[in-house]
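> 3D, please:
(one chain, ligands or ions: 1)
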Amino acid sequence: MALATDRQKVGAVGVRHRVLVADGLGEAGLRRLRESCEVQVFGGLSEEELCARLEGVHALVVRSRTRVTRRALEAGRDLRVVARAGVGVDNIDVEAATRAGVLVINTPDSSVRATAEHTLAMLLACCRNLPQAYQSLQRGEWSREAFVGTEVYGKTLGVVGLGRIGSEVARLARGVGMRVLAYDPYVSAERAAHLGSELVPFERLLEEADFITLHVPLSAQTRGMIGRDQLRRMKRGVRLVNCARGGLVDEEALLEALEEGHVAGAALDVFAEEPPRDLRLVRHPRVVATPHLGASTREAQEAIGVDVAEQVLQALAGRLPRGAVNVAAFRGDAWERLSPHLELGRVLGALLRQLSPGPVYAVEVRLEGELSHVEPSPLVASVLVGLLSGVTDQVVNVVNAHLLASERGIRVVESRQETSEDFASLMVVTAHTPSGDFQLGGTLFGRSEPRIVRIGHYRIDLDPAPYMLFAWNTDRPGMIGRVGTILGRHGVNIAGMHLGRESPGGVAVMVLTLDDPVPPDAVAEIRSLDGIYDVKVARL
Ligand code: NAD
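Alright, predicted model coming up:
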């Protein structure tokens, strides 16, 4: 795909591009940039200084220190790319950059090996009591019985989240003779098997693993995913490693489980609050702790520098680098025309993720009617954006969605049909999961507003809302009232109601659009109602 920003003309062939490196960069990366660009390096700049120095600059490279504000983007009139050496882009106003046609890139891959190695180091340190034994020796003791360890060979490691780092950890664990169980609802069993691991449900992983390591992003779904119930489900004597994000583990519950002796040890690189003010976990005699060092290796820092340099050069040459965070590539008319369709695709993908009966291993996108004449690639990508958003730590957009899906082993099939039965244009998306297929259809109302018109084999006319509840139920009087009463009791206001049914008295699907999120207790109550087959909540 070629970049098509109106800033592309700046710095035409033969002109040396100017690159401003605001927070320093690894030497190898700087060398790579200097081969073809004029490079200025600073060790951190205020907004004022940055604005003043952006005149005539084509690429800006930052770490987390320099803030790239709207003002800075406006000041950098020749700017075509802002590169973040690292992952998080919260110090960059990505929306303002997109609007200005400035490509934002990051380097999500460079710290994978470092963090995976740290995970293994932490597991081994925890199993062999390395820090405790070292401290004892420093005190002048020679205590060998107190530090008898546990071998990892032949043991079962449970990897939660089989993304970039989890996959590398699985590989390393196989290398030291461990059996690997993996839980990741967005990865196929084939991909897990390819890594020598077995994809299993979360509960089974908790119950069977001798050691458990977390590699998921922090999101509304994953926050506190290791709480009291999950710790209790684990084997007595389990060891827990967290080199992902602090909020994934309920620290109070972990402390209790360590004190009871249910959890034999924990290895923590990350904390709910960093640096942690509450040091009870860090000081616990069976905890190994490091100050968020996962990615801190010389090699990772060098790799980040080279990666940033390569990507900046690609972007300046008009190509699209793999770390593209925003979608500056689709600016202008093409973006205006496509954007309602992309939003429809995103909504359909997000609903597929939340309503499908199991982990999605393949997605089919069929474009019917007028849509069959639109370039399919961004539309299919927009479905993948909805499907994968929030499940990976990486920003998912139409630029990288295909790649991220293929990395997860999700097959993507697109097809086109010139005619559509009931609509001028229709997008039909089907998720294939081990528990069966699930289909949704959507169209645009007034050519701009997404409408869901099919849920499975039901026809419906649903104006999607930020909070929705889907209930499959026996079509008989009083069902809607009973569901409404439960929601009312939990303080959830119903904004709209939609019904899809095949025949009176059969199974119907009821969709309620809501003003507030539905608490899990309310979902459980609705699920237990007589005549309700299934309940799902979705958040857009
Ligand atoms: P990734 O996006 O490549 O992988 C995350 C995986 O988690 C994906 O495969 C996704 O499908 C899966 N996932 C999402 N929700 C899930 C859920 N509810 N249950 C199970 N699996 C789920 O991310 P990554 O680059 O491998 O990073 C993993 C974690 O490591 C992130 O939290 C990241 O912030 C953290 N990290 C820490 C350090 C450090 O210094 N300690 C360095 C880099 C990354």
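
> C-alpha from now on. contacts and neighbour counts both.
Noted.

> so which helix or strand takes in Val365?
Assessed by DSSP states H and E, Val365 sits inside strand 362-369.

> for the helix or strand just after that strand, the distance to its chain's centre please.
Using DSSP H and E, the next helix or strand after strand 362-369 towards the C-terminus is helix 376-388. Chain-centre distance of helix 376-388: 15 Å, with C-alpha atoms, centre = their mean, to the nearest Å.

> Flag every buried residue along stretch 493-500.
With burial defined by 16 or more other C-alpha atoms under 10 Å, the residues of stretch 493-500 counted as buried are Asn493, Ile494, Leu499, Gly500.

> scratch that, stretch 377-384
Within stretch 377-384, the residues that count as buried by 16+ other C-alpha under 10 Å are Pro378, Leu379, Val380, Ala381, Ser382, Val383, Leu384.

> Closest one of the residues you listed to Ser448?
Distance to Ser448 across the buried residues of stretch 377-384 (C-alpha to C-alpha) is lowest for Leu379, with 14.5 Å.

> pLDDT value on that closest one, please?
pLDDT for Leu379: 90.

> and the one helix or strand in the chain whose mean pLDDT sits lowest, which residues are buried?
Every helix and strand of the chain was ranked by mean pLDDT, DSSP states H and E. The lowest is helix 94-99, at a mean of 82. Neighbour counts over helix 94-99 (16+ other C-alpha under 10 Å) mark Val94, Ala96, Ala97, Thr98, Arg99 as buried.

> Ok, stretch 25-45 next?
Buried positions in stretch 25-45, judged by neighbour count with 16+ other C-alpha under 10 Å: 25-26, 28-34, 37, 39-40, 44-45.

> Rounded mean pLDDT for that stretch, please.
Computed over stretch 25-45, the mean pLDDT rounds to 94.

> chain center to that stretch, what's the gap?
30 Å.

> Please work out which residues outside it touch it.
Stretch 25-45 has contacts (C-alpha atoms under 8 Å, 6 or more residues apart in numbering) with 16-24, 65-66, 85, 301-310, 313.

> Tell me the predicted confidence for Pro185.
At Pro185, the pLDDT recorded in the model is 87.

> And for Val327?
So Val327 comes in at 64 (pLDDT).

> and what of the one 4 residues further on?
Here, the pLDDT recorded for Arg331 equals 48.

> buried sites along stretch 164-179?
Buried, per 16+ other C-alpha under 10 Å, within stretch 164-179: 164-174, 178-179.

> and this protein, which residues reach the ligand?
111, 115, 160-166, 183-187, 215-218, 221-222, 243-245, 269, 292-295, 391-394 (C-alpha under 6 Å from any ligand atom).

> which ones among the residues you listed are found in helices?
Residues of the residues of the chain next to the ligand located in helices (DSSP state H): Thr115, Arg164, Ile165, Gly166.

> So which other helices or strands are in contact with the least confident helix or strand of the chain?
Other helices and strands packing on helix 94-99, by 3 or more C-alpha pairs under 8 Å, 6 or more residues apart in numbering; DSSP states H and E, are helix 70-75, strand 103-105.

> how about 6 Å then?
On a contact count with 3 or more C-alpha pairs under 6 Å, 6 or more residues apart in numbering; DSSP states H and E, helix 94-99 meets no helix or strand.

> got the CA coordinates for that helix in PDB?
What follows is helix 94-99, C-alpha atoms only, in PDB (Å, rounded to 0.1, in the frame of the first residue of the first chain):
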ATOM      1  CA  VAL A  94      -2.600  10.800  17.200                       C
ATOM      2  CA  GLU A  95      -5.900  12.200  16.200                       C
ATOM      3  CA  ALA A  96      -4.400  15.600  15.400                       C
ATOM      4  CA  ALA A  97      -1.600  13.900  13.500                       C
ATOM      5  CA  THR A  98      -4.100  11.900  11.400                       C
ATOM      6  CA  ARG A  99      -6.000  15.000  10.700                       C
END
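
> ok so, going back, can you redo the ones in helices among the residues of the chain next to the ligand as a markdown table with distance to His341 and pLDDT?
A markdown table is the format used below for these (distance: C-alpha to C-alpha, whole Å; pLDDT from 0 to 100):
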| residue | distance to His341 | pLDDT |
| --- | --- | --- |
| Thr115 | 38 | 96 |
| Arg164 | 30 | 92 |
| Ile165 | 33 | 95 |
| Gly166 | 34 | 97 |
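
> Closest one of those to Val399?
Among these, Arg164 lies closest to Val399 (C-alpha to C-alpha), at 18.3 Å.

> Identify the spatial nearest neighbour of the residue nearest in space to the middle of the chain, chain neighbours not counted.
For the chain, the residue nearest the mean C-alpha position is Thr392 (1.7 Å; C-alpha atoms, centre = their mean). Counting by C-alpha to C-alpha, 6 or more residues apart in numbering, Pro217 is the residue found nearest to Thr392 once chain neighbours are left out, at 6.0 Å.

> likewise Arg353?
Leu387 (5.2 Å).

> What is the neighbour count of that neighbour?
27 (other C-alpha atoms under 10 Å).

> which residues touch it?
Gly349, Ala350, Arg353 (C-alpha atoms under 6 Å, 6 or more residues apart in numbering).

> Take the residues you listed and keep only those in helices.
Of the positions in the contacts of Leu387, Gly349, Ala350, Arg353 sit in helices, assigned by DSSP H.

> Now do the last one against Gln221, distance only.
So that's Arg353. As judged by C-alpha to C-alpha, to the nearest Å, Arg353 and Gln221 stand 13 Å apart.

> again, but for Arg277
According to C-alpha to C-alpha, Arg277 and Gln221 sit 26 Å apart.

> before we move on, what about Gly442?
Taking C-alpha to C-alpha as the measure, Gly442 falls 26 Å from Gln221.

> Let me see the contact set for Gln417.
Contacts of Gln417 (C-alpha under 6 Å, 6+ apart): Glu368, Ser372.

> Identify the bridge partners of it.
Glu368 (DSSP bridges).

> Just the pLDDT at it, thanks.
So Gln417 comes in at 90 (pLDDT).

> roughly how far apart are it and Gly349?
To Gly349, Gln417 is 20 Å away according to C-alpha to C-alpha.

> picking up where we left off before, in strands only, show me the buried residues of stretch 493-500.
Ile494, Leu499, Gly500 (DSSP state E).

> and of those, the nearest to Ile455?
Checking these against Ile455 with C-alpha to C-alpha, the nearest one is Gly500 at 8.1 Å.

> so what's the backbone phi/psi at the residue in the stretch 301-450 of the chain that the ligand sits nearest to?
The ligand sits closest to Thr392 of the stretch 301-450 of the chain, with a gap of 3.2 Å, by C-alpha to the nearest ligand atom. Per-residue torsions, Thr392: phi -130, psi 160 (degrees, to the nearest 10).
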